[in-house]
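Student: Requesting a structural model of the entry that follows:
(2 chains)
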Amino acid sequence: AVSYTALIDAFCKVNNIGRAMEIFDEMVKDGFAPDAYVYYTLIAGLTRAGRMNEALTFFQTLKDSGFSPDVVCYNVLIAGLFNTNKADKAHEIFEEMEKAGARPDGVTYNTLIAYHAKSGNFTEARKQLKKMVREGHVPTVVTYGALIHAYCLNERVNEAMALFKELRGSSKVAPNGVIYNILIDCLCKKDDVQQALGLMDDMEVKGVKPSANTFNSLFRALREAKMVQKGFELMDRMVKQGVNPD
RNA sequence: CCCUGUUCACUGGGGUA
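Tutor: The predicted structure is shown next:
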C-alpha cells in the first residue's frame, strides 16, 4: 500500500489526478485494500486541485471503511474549503473534528487564523490565536506570517510592520525569508520601493537569504517605476548572492 | 526497533465576468 500511496501522490503532484484515481481503482481491482494513507493522499491531491466535492466524497468513503481521519486529513480539508470559499463547510468539518476527538493542532489554528485575518476579521483571528496558545500550541513563524500577510492585504501596512518589528526584536520567532518576502512584496505594491530595498538590506544584516520571490517582487516594482538602473544593480546582487532566477 | 507516504503564511502568468 505504501507503493500505491507514493504512486498516487506522485501523479497528484504533477496534477494528473485522473491517473491517480485510475491507480486507486486498479489497486482495489487487484484486491489490495486501500489503507488510510491512500485515502489521505487522494484527498490531498483533489484538494490541491480545488476539487473539494470529490475530496469530500473520498473523505466519506474513508470513514465508511472504518478509518478515523487523522488531524492532518482534517487540516487538508479545512484549508481546502477555506481556499475555495466554502467557509461554512470548513467550520462544519472543524466541528466534526472536535467531536470526533481529533485535537486541532497548530496547523489547524494557523489555517483558521489565516482565513479570518485575510477576511479582515482580525478580532476573530486574535481570538483563535489566544485559543491556540491556551490549548498549548506555540505560534510559529507561519502564524505570524499569516497575520502579517493579512495586514498587508487589508491595507494595514503599519500594523504589519509593527508585528514584524516585534518579531525582529524578540528572539522567540525570528522572521524568515517568507516574512521578508511578504513585506517586500507588499511595500513594492504600495510603490514604496525604497523601504522594500531597505528590508532587503536588513535581510543581509540578519543573515536571511533572499529567494527568487524576493527579487521578483522588486524587479516588478522597479520595472513599473522605470528604475532601470536599480534593476541592474539588483541583478548583480542576485548573482552575487547565488540566487537563481526562475 | 527505527525511518519513510497526507496539511497551514510569500511571487508571477492565463481563462470567464
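
Student: anything in stretch A:53-69 sitting right up against RNA strand B?
Tutor: No. Applying CB under 7 Å from any atom of the strand, one finds stretch A:53-69 out of contact with RNA strand B, separated by at least 7.9 Å. In short, each C-beta sits where N, CA and C put it, glycine included.

Student: contact partners of that stretch?
Tutor: Contacts to stretch A:53-69, defined as CB atoms under 8 Å, 6 or more residues apart in numbering, come from residues A:34, A:36, A:39-40, A:42-43, A:46-47, A:73, A:76-77, A:80, A:89, A:100, A:102.

Student: which residues are in contact with the helix or strand where residue A:76 lies?
Tutor: Assigned by DSSP states H and E, residue A:76 belongs to helix A:71-83. Judged by CB under 8 Å, 6+ apart, the contacts made with helix A:71-83 from elsewhere in the structure are A:36, A:39-40, A:43-44, A:47-48, A:50, A:52, A:55-56, A:59, A:62, A:87, A:89-90, A:93-94, A:96-97, A:102-105, A:107-108, A:111-112, A:114-115.

Student: Let me see the confidence value for residue A:6.
Tutor: Model confidence at residue A:6, expressed as pLDDT, equals 73.

Student: And it, which helix or strand is it part of?
Tutor: Under the assignment here (DSSP H and E), residue A:6 is part of helix A:2-13.

Student: Quick one: low-confidence residue ranges for chain A.
Tutor: The model of chain A has pLDDT under 70 over residues A:1-2, A:4, A:8-15.

Student: where do the helices sit along it?
Tutor: Remark: helices assigned in chain A by DSSP state H are A:2-13, A:17-29, A:36-48, A:52-64, A:71-83, A:87-99, A:106-118, A:122-134, A:141-153, A:157-169, A:177-189, A:193-206, A:212-224, A:228-240.

Student: would you turn those into JSON lines with distance to residue A:246 and mean neighbour count?
Tutor: Below are the helices of chain A laid out as JSON lines (distance: least, CB to CB, whole Å; neighbours: other CB atoms under 10 Å):
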{"stretch": "helix A:2-13", "distance to residue A:246": "18", "mean neighbour count": "17"}
{"stretch": "helix A:17-29", "distance to residue A:246": "25", "mean neighbour count": "15"}
{"stretch": "helix A:36-48", "distance to residue A:246": "20", "mean neighbour count": "23"}
{"stretch": "helix A:52-64", "distance to residue A:246": "29", "mean neighbour count": "16"}
{"stretch": "helix A:71-83", "distance to residue A:246": "23", "mean neighbour count": "22"}
{"stretch": "helix A:87-99", "distance to residue A:246": "32", "mean neighbour count": "15"}
{"stretch": "helix A:106-118", "distance to residue A:246": "25", "mean neighbour count": "22"}
{"stretch": "helix A:122-134", "distance to residue A:246": "31", "mean neighbour count": "16"}
{"stretch": "helix A:141-153", "distance to residue A:246": "21", "mean neighbour count": "22"}
{"stretch": "helix A:157-169", "distance to residue A:246": "25", "mean neighbour count": "16"}
{"stretch": "helix A:177-189", "distance to residue A:246": "13", "mean neighbour count": "22"}
{"stretch": "helix A:193-206", "distance to residue A:246": "17", "mean neighbour count": "15"}
{"stretch": "helix A:212-224", "distance to residue A:246": "4", "mean neighbour count": "18"}
{"stretch": "helix A:228-240", "distance to residue A:246": "11", "mean neighbour count": "13"}
